[in-house]
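In: Here's my sequence, what's the structure:
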Amino acid sequence: MRAYFHRQLQEILNSKALQIYGGLLALTHVLSAYFWTDRSLDLVVKASQISSPLCWPMVPFCDALRFTNSLGAAYFLEVYALVGIATAALFFLGKIRFGYAGLIFLLLLKVFFTSLSYGLMGNYHYMSFFTHLGFLFFPRKKVIIPFFIGIFYWGAGILKFDPEWLSGVALISPSFLPSQLQHFSLIYAVLLECIFVLGLFNHNKWIRAGVFVQFLLFHIFSWHIVGYFYPLTMFLLLGLFILIPLFKENWEAYLDRSTLKNKSTVILCSLLILLQVIPSIAFQDPATTGAPRILSLNMLDARVECETLLIRHKHSSEEVYDPFVKAPSTRTQCDPLVFLSQIKSVCKDPTEKFDFWLQSRRTTTGKLDTRLFVKDICNKNPSSILWAEFL
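Out: Purely as a prediction, here's the structure:
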């Protein structure tokens, strides 16, 4: 184990670009702390007696881990931000061993905070987590990190290949572009992420630079639609593409035979690609699912409408009603996990028998389809309820 970490550190020590990049990764945590303080404190406070915590399926006990009040969560994020600033300074000042340890600590803090609520899910955190894994624990960092980022773009691109994105319906807020120009830009975004992204791994440095600049412009343009956090996070993650040529180090991330011969790179990238395609292969419409997309990018690739029902079975009759509250986020308002997390607060009497029914549809389709029907849900194991989409 000691030899393993020594190899990871040595690789970073041998590259000035990686040392500075470690500082940029530390700054992603400072940015996350500000973002969460600004808008997410209520998501990590213990639920009241009349509400239910929105937990990840793998952390069904998340309410037990939560803060008693928003002040405690704010203090935690202040400490988290200070550790991020200190870790960035360590990398920038050349104290790489301490910076490396600090970045592992920051990653653990972020994993803990994110685990407190499924409402904290987001592509910006997903991509940051995998990039951290590549930097901290995987070999050939100057190869694996660029390829991971390329796969992120490709995965986002294939999710955009649908009528909702191409028509602009899926946008969180409208663009300032005229409708025809906006339509062209949405099509071009898919081409950029699915096809032109390969140019990031071309042997010609001018092709790499041309594609890279387009991605920078893409994120600058997206600012007025998605807000500040996503573009700033991506600027920090993309930093390695600038740092390697800036410090006149050899670019190593080529899509060629030499890369394909490296087993660790091929295996890790293949696994990440597989995570992106599994939801589309295994489920009819991934945009309407929750748990199946936990380990893949989860974009706002479609606007979804839904209806939920609880069917109470009595001796000689049935009673149908809808006690559920939708999440305020457009991305998760019809996510099955949002409703499955509320089952516990609904099932007050264990002798009663309830069936849960969820119907949903994309706003561009005609009818509601049944996505989930769970019989006698109140008598299910609380942990298994959150995995109902698989069961």
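In: Show me where the stretch 201-350 of the chain has its strands.
Out: All strands of the stretch 201-350 of the chain, identified by DSSP state E, counting those that start in this stretch, fall at 304-313, 318-321.
In: deepest of those strands, which one?
Out: Of those, the one with the most neighbours on average (mean count of other CB atoms under 10 Å) is strand 304-313, at a mean of 17. To be clear about C-beta, it is placed using only N, CA and C from the backbone, and glycine gets the same treatment.
In: Show the model's pLDDT score for the residue nearest to F98 when sequence neighbours are not counted.
Out: Closest residue to F98 in three dimensions, ignoring its sequence neighbours and counting by CB to CB, 6 or more residues apart in numbering: L90, at 4.8 Å. Listed pLDDT for L90 reads 98.
In: CA atoms only: put the helix or strand where L90 lies into PDB for me.
Out: With secondary structure defined by DSSP states H and E, L90 is part of helix 70-92. Listed next in PDB are the C-alpha coordinates belonging to helix 70-92 (Å, rounded to 0.1, in the frame of the first residue of the first chain):
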ATOM      1  CA  SER A  70     -28.600  25.000   9.100                       C
ATOM      2  CA  LEU A  71     -26.000  26.800  11.300                       C
ATOM      3  CA  GLY A  72     -24.100  23.600  11.900                       C
ATOM      4  CA  ALA A  73     -24.100  22.900   8.200                       C
ATOM      5  CA  ALA A  74     -22.800  26.400   7.500                       C
ATOM      6  CA  TYR A  75     -20.000  25.900  10.000                       C
ATOM      7  CA  PHE A  76     -19.100  22.600   8.300                       C
ATOM      8  CA  LEU A  77     -18.900  24.200   4.900                       C
ATOM      9  CA  GLU A  78     -16.800  27.100   6.300                       C
ATOM     10  CA  VAL A  79     -14.200  24.600   7.600                       C
ATOM     11  CA  TYR A  80     -14.500  22.700   4.300                       C
ATOM     12  CA  ALA A  81     -13.700  25.800   2.300                       C
ATOM     13  CA  LEU A  82     -10.800  26.700   4.500                       C
ATOM     14  CA  VAL A  83      -9.300  23.300   4.100                       C
ATOM     15  CA  GLY A  84      -9.800  23.700   0.300                       C
ATOM     16  CA  ILE A  85      -7.900  27.000   0.300                       C
ATOM     17  CA  ALA A  86      -5.100  25.600   2.500                       C
ATOM     18  CA  THR A  87      -4.800  22.500   0.200                       C
ATOM     19  CA  ALA A  88      -4.600  24.700  -2.900                       C
ATOM     20  CA  ALA A  89      -1.900  26.800  -1.300                       C
ATOM     21  CA  LEU A  90       0.100  23.600  -0.400                       C
ATOM     22  CA  PHE A  91       0.100  22.500  -4.100                       C
ATOM     23  CA  PHE A  92       0.900  26.000  -5.400                       C
END
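In: Which strands and helices lie in contact with it?
Out: Counting by 3 or more CB pairs under 8 Å, 6 or more residues apart in numbering; DSSP states H and E, the packing neighbours recorded for helix 70-92 are helix 16-39, helix 96-114.
In: Which positions within the following helix or strand past the last one qualify as buried?
Out: Translated: helix 96-114. Toward the C-terminal end, the helix or strand that comes next after helix 96-114 (DSSP H and E) is helix 123-137. By 16 or more other CB atoms under 10 Å, the buried positions in helix 123-137 come out as 123-128, 130-136.
In: Kindly report the same for stretch 11-26.
Out: Counting neighbours by 16+ other CB under 10 Å, one finds that the buried residues in stretch 11-26 are 11-12, 15-26.
In: any idea how far D322 is from I311?
Out: Taking CB to CB, to the nearest Å as the measure, D322 falls 11 Å from I311.
In: quick one: buried residues of stretch 176-190?
Out: Neighbour counts using 16+ other CB under 10 Å place Q182, L186, A189, V190 of stretch 176-190 among the buried residues.
In: Tell me if T364 really is in a strand.
Out: No - applying DSSP: H, G, I helix; E, B strand; the rest coil, one finds T364 to be coil, outside a strand.
In: Next up, the contacts around it.
Out: Residues touching T364, when contacts are defined by CB atoms under 8 Å, 6 or more residues apart in numbering, comprise P163, E164, S167, V169, A302.
In: so how many other residues sit close to the third one?
Out: Yep, that's S167 we're talking about. Around S167 there are 13 other residues, counting by other CB atoms under 10 Å.
In: for the second one, same thing?
Out: When neighbours are counted by other CB under 10 Å, E164 registers 20.
In: Contacts only, for it.
Out: A170, A287, D301, A302, R303, R362, T363, T364.
In: Turn those residues into TSV, columns for pLDDT and distance to L372.
Out: Below are those laid out as TSV (pLDDT from 0 to 100; distance: CB to CB, whole Å):
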residue	pLDDT	distance to L372
A170	76	22
A287	80	14
D301	64	20
A302	72	17
R303	79	19
R362	83	16
T363	78	19
T364	77	21
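In: With distance to V197 and secondary structure added, can I get the contacts of T364 in JSON lines?
Out: Putting these into JSON lines (distance: CB to CB, whole Å; DSSP: H, G, I helix; E, B strand; the rest coil) gives the following:
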{"residue": "P163", "distance to V197": "22", "secondary structure": "helix"}
{"residue": "E164", "distance to V197": "21", "secondary structure": "helix"}
{"residue": "S167", "distance to V197": "23", "secondary structure": "helix"}
{"residue": "V169", "distance to V197": "24", "secondary structure": "coil"}
{"residue": "A302", "distance to V197": "22", "secondary structure": "coil"}
